[in-house]
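> Predicted model follows, preceded by the sequence.
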Protein chains: 4
Amino acid sequence: MRKIPTAILGAGGWIGQHFARLLADHPWFEPPLLVGGERTQGRTLEEIWQIPEEGPPGPIARDRLTTASPAALERAGIRVAFSALPGDKASLLETELARRGIAVFSNASAHRMDPRVPLLIPEVNPRHLGLLHPRPGRGFIVTNTNCSAAGLLLALKPLRDRFPVERVYVTTYQALSGAGFPGVPSLAIGDNVVPYIPEEETKMEEETRKVLGSLRGNGIRPLALRVIANCARVATREGHLEAVTLPGKYPEEGDILRAWKDFHPLQEGKEPALPTAPLDPVLVHPAPDRPQPLPDRWAGVPHRARGMAVTVGRLRVDPDGIRFYLLVHNAVRGGAGGSVLNAELAVREGLLGEVV
Amino acid sequence: MRKIPTAILGAGGWIGQHFARLLADHPWFEPPLLVGGERTQGRTLEEIWQIPEEGPPGPIARDRLTTASPAALERAGIRVAFSALPGDKASLLETELARRGIAVFSNASAHRMDPRVPLLIPEVNPRHLGLLHPRPGRGFIVTNTNCSAAGLLLALKPLRDRFPVERVYVTTYQALSGAGFPGVPSLAIGDNVVPYIPEEETKMEEETRKVLGSLRGNGIRPLALRVIANCARVATREGHLEAVTLPGKYPEEGDILRAWKDFHPLQEGKEPALPTAPLDPVLVHPAPDRPQPLPDRWAGVPHRARGMAVTVGRLRVDPDGIRFYLLVHNAVRGGAGGSVLNAELAVREGLLGEVV
Amino acid sequence: MRKIPTAILGAGGWIGQHFARLLADHPWFEPPLLVGGERTQGRTLEEIWQIPEEGPPGPIARDRLTTASPAALERAGIRVAFSALPGDKASLLETELARRGIAVFSNASAHRMDPRVPLLIPEVNPRHLGLLHPRPGRGFIVTNTNCSAAGLLLALKPLRDRFPVERVYVTTYQALSGAGFPGVPSLAIGDNVVPYIPEEETKMEEETRKVLGSLRGNGIRPLALRVIANCARVATREGHLEAVTLPGKYPEEGDILRAWKDFHPLQEGKEPALPTAPLDPVLVHPAPDRPQPLPDRWAGVPHRARGMAVTVGRLRVDPDGIRFYLLVHNAVRGGAGGSVLNAELAVREGLLGEVV
Amino acid sequence: MRKIPTAILGAGGWIGQHFARLLADHPWFEPPLLVGGERTQGRTLEEIWQIPEEGPPGPIARDRLTTASPAALERAGIRVAFSALPGDKASLLETELARRGIAVFSNASAHRMDPRVPLLIPEVNPRHLGLLHPRPGRGFIVTNTNCSAAGLLLALKPLRDRFPVERVYVTTYQALSGAGFPGVPSLAIGDNVVPYIPEEETKMEEETRKVLGSLRGNGIRPLALRVIANCARVATREGHLEAVTLPGKYPEEGDILRAWKDFHPLQEGKEPALPTAPLDPVLVHPAPDRPQPLPDRWAGVPHRARGMAVTVGRLRVDPDGIRFYLLVHNAVRGGAGGSVLNAELAVREGLLGEVV
């Protein structure tokens, strides 16, 4: 298979840089064209790099960020655009790209609740890709969910497949990188917790219902599931921790753990079916004090799937409900990695046509 | 009134030092005798001081910590002992002190669930002091609650007085000082959250039920209230934040806010009835992103009641429940300050006899 | 004496808020008019407050920030303006205010190295006020030093009065608030140190030389002292720590400690001569691991002088030099408090004319 | 070559775990026997793992820590022991191991200043191995330096090879892991800097002089170089930052940078001569605000040498001296990695006899 030409929109931001990290040497996609804004235009990826734990990815470290109109991207033969645009810019620009025949995989919130746009997690609702009927020369938009919803959905899906889940109470401990860069001022968060992230709680509820909803005609009928969220920012760099309580009658501990451990919807034989898919999308940590952001955020094998697994732990089963904690890498599984996995599924499903 | 001779047990620890801060110039109690362990014996309060935000309290800064048996404390004429002992030492020692006629106000967990011991928050369950029938020469034990339960109870009490509260979902963001000193290693908590605090969740449930329970004969009948807690440690110095969700039918926002704002059980005229009582035990913060540990932990007026008020905020009212955040200074209202207030109530109620 | 009408320029910023804190109930100055920029105009001090350790100062908490031209300030009868303006705005605006007869006490760097402008620390170079010859209706500018230089100068002055100091090696650990708000992004400084603060090292050298220089005619001849600085940002909220090494022959430890302890240039009898002057401008801490930012930044008595004392410690005397650490509250002594003290000295010296 | 049987002493501590990381799949050494203390005996490496950024190394993750006497280690055929023992235990135990024919590579300070023990950094003083004259059946001790000294020495060596360096002023910003685990309490270092690390400043001076000293007969004559250090702890996880000032006449910037860039004492052809040696032991970072602990601590290629390179930057050349910052991974280059590299050099030099 010939590699597919790609671009990253918003390549200068935090999620944009995570996209660059994941796409610099991808087996199916060409190293991306880096499209930035006015601030970063003309500078190399190396010069603007802000993810300190690892350096800029070698193959594209000295590529320069450009500005490029949708028309220019079309002319340049870009087939897939990964969008890390801010919400206000994403709305029109992503639509225009799709109109020009480009497949857009977006981390932006602009189109998430659009009934014609799949809000996709490959392990959870792959059939929602059925919303798309691409024809030659026609593009589309696929979005990933909010970072906190992504972790919740992966932990919920195996439970909902086996047990009735009617109500979800979730409280978050969200990392700084969820606000991008420069994001949260150090004076605002050191020795502090900020119990407010604009619109986050609503996103968690609505997006969870849509992802778990069912495909009906040309739309999605959301699941009638109540998600009640409390969202706060804490002083961790990356990795959202979530405390989940599910009221209701549940089976014993062993059955619940088995539901998570047996969850391998993307596996073919013993191998992941997509390059960025983790072998175990939900890992159960046995220690009494895990998961934690620092040691667990990069969970996931093989190497390309680092940060793509959700870790769960501290399961407590009571007569009237269960509780557990989960940890998701907000910028990988809940951000750039989620979109890359979405694109891989779309390619595998033939939505990009002749490429495979 | 002549001031009452007091001692602090465990004066060298974090809560012990908060006791010292509060008792150094108390209007009813004499500056405390500082009783420490082997590690601190013979050293001055100044030398061992670990609360960095403020220095050791002037009047007793150069007092030396001593070791003292219950018999020695009795001989020294100590009438009131404030206990910041670790749980394992507290059990026998507090009992022995009470047997010798000393009134023990304890922050330790050892006797909290003893049916004959009041688990007291003066604004919430003052009548539970009725468990005690002290006679001349006979002491007693009164405990305060776990630090997280203290904040929850103060926020719940005004609601429960007016509305049916049947179930409480609470998730905590607890500060480092809750684990004492040296407590949590910096390498374990920097850039991290630890979703496990041994026994904390059980304490929150059981203690809340006892405090809200009713006095029956010589014991307390716990309230049949389900409290489902998820407790985690975050990298803040002091001040526990809690996300609270109460399912059920509640009135509109204004009524709930009014319940909190009108809650003044300890007020006499326009003044607090006890020296360490805050004018408003529950403060409602109007900003969309409050309460927060850093700016709100020291809430409370007058000056002596700093850290004794609980701040609530972010009230959200839905058709099937309400949500809010609360902030409590774990080492003051949830620790030393809670015990001092308990002692003040006991004095006012005449439980220490002729002293008033 | 009638209180003097004042204004704060840049009242919405971090230093501006510290000015508000110090001037809300000052014995010589009226509560300040709050002049902000476009972002803060029309909002109350309470609404924009960012210093979390303490709330907005009661007397002016609900005052609204305004914009005001120099002409408007003149018309409003403002006699003294405290400037927390950013450098680029300060240059012209402060000059214009002085031209209109207003005495400007500035924390901005714009005029610090102007040979006609006193760069003042009252305990160090009060005679530099002699540069000013104000006449009725004519204003002037007095600046305080860079925050790091302020701490260094207070620790050096008593030594230089008694011993030959020829060369100063200083390395800093500077707090976040030195960069204002929003300032340093949390993702840039958590688990990190940034060894670069633009222009800071040059300021420390040049300003130290000017402050220690001598008044000659209408200018200052800088001292020929070499200051070699390395400046870095660390993740503390407030309080700059500095490691100082002075090569050369010095007397024994006791003599050096005495130089610091005997340093009381502003004392009259046993009292500070100015309202914001600390009783001991240089405090020697005896513990082996002090000074530290967290416990020592608010050093200084009386209460109004909190944060105005510099703490020194860890003195080590070798045959070829001495070493010590110092701690200065960057936003108080090295910022707003320094300017307020400068204004107090100017009033006391009669530079504001009939007011006293 | 057959791999050499090894053991880690103190495998349960922070440095011990870094040893385990480096030795789990070493090309020359067998996976180590894990020798712990009473606290960790019988537990698996996985269970006690404390380095959160990466999990326990797969090949030995489930090995259990044992206690083992020197006699037992001898009987087990251990040829090389890596010591991460605390200083007080290291002294006798390491001597006894050497007496029994085992080659000890130690991170402990106990024998560092022993004139018969090489204090070794392979790139700096490989000839000091000449102190050893091992015979069949006779072991020896080789130590690495203090973590801060290691970084300083690597940055100084290329300069001293070309220019006269007579005096070194160094001020450190040292990471938490330098104190081991549990180490520094979170309450002591959050929002704080502690300007005191016991004995650290003396170690930096004495060890630097010994490493740069010359082999004379059976001992080392220390270099007459004055090192004046100020050492402080900051709230970073790993990576010591150091501000270095060298007074004196130095050439221009380009010559100094070239000295660092041309420093490749362990290179053979274009390859590192030892498995854990970094290709460039001193990396010059071009950005104005580097090096920094977070992005630079893991510097070093190839992959096995991650954390073994020292990064320098912010070179400033003045007429009377130069200044720069350096960053060293304290637990790798300044700890376990340094000892592993020492062992590799000893093997290569034939000090372990027939093994190569």
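Yep, it's here. Numbering: from 1, shown residues only, chains lettered A, B, ... in the order given.
> show me where pLDDT drops low in the stretch 101-250 of chain A?
A:136 (pLDDT under 70).
> what does it put close to chain D?
Within the stretch 101-250 of chain A, the residues that sit near chain D (CB under 8 Å from any CB of the partner chain) are A:190-191. Where C-beta positions appear, they are placed from N, C-alpha and C, glycine not excepted.
> Helices of the stretch 101-250 of chain A, residue ranges please.
Taking DSSP state H, counting those that start in this stretch as the test, the helices found in the stretch 101-250 of chain A are A:147-162, A:186-189, A:200-211.
> Could you list the buried residues of the first one?
What that stands for is helix A:147-162. Buried residues in helix A:147-162, counted by 16 or more other CB atoms under 10 Å in any protein chain shown: A:147-160.
> just checking, what packs against it?
strand A:167-174, helix A:200-211, strand A:226-233, strand A:240-247, helix A:253-261, strand A:282-284, strand A:310-318, strand A:321-328 (3 or more CB pairs under 8 Å, 6 or more residues apart in numbering or on different chains; DSSP states H and E).
> Could you export those to a markdown table, including columns for distance to chain B and mean neighbour count?
As requested, these are exported to a markdown table (distance: least, CB to the nearest CB, whole Å; neighbours: other CB atoms under 10 Å in any protein chain shown):
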| stretch | distance to chain B | mean neighbour count |
| --- | --- | --- |
| strand A:167-174 | 4 | 26 |
| helix A:200-211 | 8 | 22 |
| strand A:226-233 | 4 | 23 |
| strand A:240-247 | 4 | 25 |
| helix A:253-261 | 16 | 16 |
| strand A:282-284 | 14 | 22 |
| strand A:310-318 | 6 | 20 |
| strand A:321-328 | 4 | 26 |
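> For stretch A:342-356, what is the distance to the chain centroid?
18 Å (CA atoms, centre = their mean, to the nearest Å).
> typo on my end, it should be stretch A:292-301
On CA atoms, centre = their mean, the centre of stretch A:292-301 falls 15 Å from that of its chain.
> hmm, it in reach of chain B?
Yes. Part of stretch A:292-301 sits near chain B under the criterion CB under 8 Å from any CB, namely A:292-295.
> filter those residues down to the ones near chain D?
A:292, A:294-295.
> Who wins on neighbours among those?
residue A:292 (28 neighbours; other CB atoms under 10 Å in any protein chain shown).
> For the closest residue to residue A:305 other than its chain neighbours, what are phi and psi?
Of all residues not flanking residue A:305 in the chain, residue A:278 sits nearest, at 3.9 Å (CB to CB, 6 or more residues apart in numbering or on different chains). Reported as degrees, to the nearest 10, the phi and psi values for residue A:278 are phi -80, psi 150.
> quick one: residue A:278 from residue A:242, how far?
18 Å (CB to CB, to the nearest Å).
> one step back: can you list the helices and strands packed on helix A:147-162 in CSV and add distance to residue D:188?
Below are the helices and strands packed on helix A:147-162 laid out as CSV (distance: least, CB to CB, whole Å):
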stretch, distance to residue D:188
strand A:167-174, 23
helix A:200-211, 34
strand A:226-233, 25
strand A:240-247, 25
helix A:253-261, 39
strand A:282-284, 34
strand A:310-318, 28
strand A:321-328, 27
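> Out of these, which is closest to residue C:92?
Nearest of these to residue C:92, taken as CB to CB: strand A:226-233 at 39.4 Å.
> and that closest one, how far from the chain's centre?
The answer for strand A:226-233 is 18 Å, by CA atoms, centre = their mean.
> How about stretch A:187-202?
21 Å.
> Determine if any part of it is in contact with chain C.
Yes. Applying CB under 8 Å from any CB, one finds stretch A:187-202 in contact with chain C at A:187-192.
> Roughly how far does the residue in the stretch 51-200 of chain A that chain D sits nearest to sit from chain B?
Using CB to the nearest CB, residue A:52 is the residue of the stretch 51-200 of chain A that sits closest to chain D, at 3.7 Å. For residue A:52, the distance to chain B equals 12 Å [CB to the nearest CB, to the nearest Å].
> OK, contacts around that residue?
C:192, D:292, D:294-295 (CB atoms under 8 Å, 6 or more residues apart in numbering or on different chains).
> these two touch, right, residue A:147 and residue A:330?
Yes. If you go by CB atoms under 8 Å, residue A:147 and residue A:330 touch, sitting 3.8 Å apart.
> what's the overlap in contacts for those two?
Common neighbours of residue A:147 and residue A:330 (CB under 8 Å, 6+ apart) are A:174, A:178, A:240.
> Any idea how far apart the tips of stretch A:57-73 sit?
23 Å (CA to CA, to the nearest Å).
> ok, residues contacting that stretch?
A:7, A:11-12, A:20-21, A:24-25, A:31-38, A:40-46, A:48-49, A:55, A:76, A:81, A:93, A:96-97, A:99-100, A:102.
> tell me how far it is from the chain's mean position?
With CA atoms, centre = their mean, you get 22 Å for stretch A:57-73.
> try stretch A:323-335
9 Å.
> Over to stretch A:283-299?
So, by CA atoms, centre = their mean, the centroid of stretch A:283-299 is 19 Å from its chain's centroid.
> Is there any residue in it that contacts chain C?
No. Applying CB under 8 Å from any CB, one finds stretch A:283-299 out of contact with chain C, separated by at least 9.8 Å.
> average model confidence for that stretch?
Mean pLDDT, computed over stretch A:283-299, is 97.
> again, but for stretch A:62-75
The model assigns stretch A:62-75 a mean pLDDT of 96.
> Between the two ends of it, what distance do you get?
23 Å.
> Let me see the contact set for residue A:269.
Per CB under 8 Å, 6+ apart, neighbours of residue A:269: none.
> same thing with residue A:292?
A:241, A:327, B:192-195, D:52.
> hmm, try it at 7 Å
A:327, B:192-195 (CB atoms under 7 Å, 6 or more residues apart in numbering or on different chains).
> ok, now how distant is residue A:337 from residue A:106?
14 Å.
> ok, now residue A:338?
For residue A:338 relative to residue A:106 (CB to CB), the value is 10 Å.
> again, but for residue A:7
When residue A:7 is compared with residue A:106 (using CB to CB), they lie 12 Å apart.
> May I see the shared contacts of residue A:147 and residue A:330 arranged in a markdown table, with distance to residue C:201 as well?
What follows is the shared contacts of residue A:147 and residue A:330, written out as a markdown table (distance: CB to CB, whole Å):
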| residue | distance to residue C:201 |
| --- | --- |
| A:174 | 37 |
| A:178 | 35 |
| A:240 | 40 |
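> still on that earlier bit, filter the contacts of residue A:292 to the buried ones?
Using 16+ other CB under 10 Å, the buried ones in those are A:327, B:192-195.
> Could you count how many residues lie near residue A:178?
Count around residue A:178 with other CB under 10 Å applied: 26.
> surely it meets residue A:330?
Yes. Residue A:178 sits in contact with residue A:330 when judged by CB atoms under 7 Å, with a separation of 4.9 Å.
> what do the two both touch?
A:147, A:240.
> Measure how buried the residue nearest to residue A:305 is and give me the count.
There are 27 residues near residue A:278, going by other CB under 10 Å.
> Quick check: it touching residue A:308?
Yes. Using CB under 7 Å, residue A:278 makes contact with residue A:308 at a distance of 4.3 Å.
> Next, the contact list for the residue nearest to residue A:111 when sequence neighbours are not counted, please.
Closest residue to residue A:111 apart from its sequence neighbours, by CB to CB, 6+ apart: residue A:117 at 4.6 Å. Going by CB under 7 Å, 6+ apart, residue A:117 touches A:111, A:141-143.
> Identify, from the buried residues of helix A:147-162, the entry nearest to residue A:203.
residue A:149 (6.5 Å).
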